[in-house]
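S.K.: Got a sequence here, can you model it:
(one chain, ligands or ions: 1)
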Amino acid sequence: MTELTQAENLIEMRENIRRAVQSLDVCWRCQRVSECQKYILGNLVLVWLCQGCMGEMEQPQPTRPKRRSRVPAL
Ligand SMILES: [Zn+2]
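M.R.: Here you go, the predicted model:
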């Protein structure tokens, strides 16, 4: 019954991969792959954030779009 054990091994491998994938994720903010934690954005959207971004997001700060920082004020 080698087929059965192979299937079991595949299932086990898949579980291991799933576990690894669960602990590693692409950070929603900086797009780096690292250990991420769930963060609920605006109480609506669930995103994954790395520890650095998580710390920044938890600090209360005014929302300021980065790309507009060089636009001169009219
Ligand atoms: Zn990040």
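S.K.: what comes into contact with the helix or strand of the chain with the lowest mean pLDDT?
M.R.: Ranking every helix and strand in the chain by mean pLDDT, DSSP states H and E puts helix 2-23 at the bottom, with a mean of 82. Helix 2-23 is contacted from outside by residue 35, using Cβ atoms under 8 Å, 6 or more residues apart in numbering. To be clear about C-beta, it is placed using only N, CA and C from the backbone, and glycine gets the same treatment.
S.K.: Beyond that helix, next helix or strand please.
M.R.: Where DSSP states H and E defines the elements, the next helix or strand beyond helix 2-23 is strand 24-26.
S.K.: name the helices or strands packed onto that next one?
M.R.: The contact analysis (3 or more Cβ pairs under 8 Å, 6 or more residues apart in numbering; DSSP states H and E) places strand 24-26 against strand 33-41.
S.K.: What angle do helix 2-23 and the strand it packs on make with each other?
M.R.: Put simply, strand 33-41 runs at 60 degrees to helix 2-23, going by axes from the mean of the first three to the mean of the last three Cα atoms, to 10 degrees.
S.K.: Show residues contacting strand 33-41.
M.R.: 23-28, 46-51, 54, 57.
S.K.: Buried residues, that strand. List them.
M.R.: 34, 36, 39 (16 or more other Cβ atoms under 10 Å).
S.K.: circling back to that earlier point, least confident of the contacts of strand 33-41?
M.R.: Least confident entry in those, by pLDDT: residue 23, with 68.
S.K.: Count the residues that sit near residue 24.
M.R.: Applying other Cβ atoms under 10 Å, we find 12 residues neighbouring residue 24.
S.K.: now the nearest residue to it once chain neighbours are set aside: how far from residue 50?
M.R.: Nearest residue to residue 24, sequence neighbours excluded (Cβ to Cβ, 6 or more residues apart in numbering): residue 33, at 5.8 Å. Distance of residue 33 to residue 50, computed by Cβ to Cβ, to the nearest Å: 9 Å.
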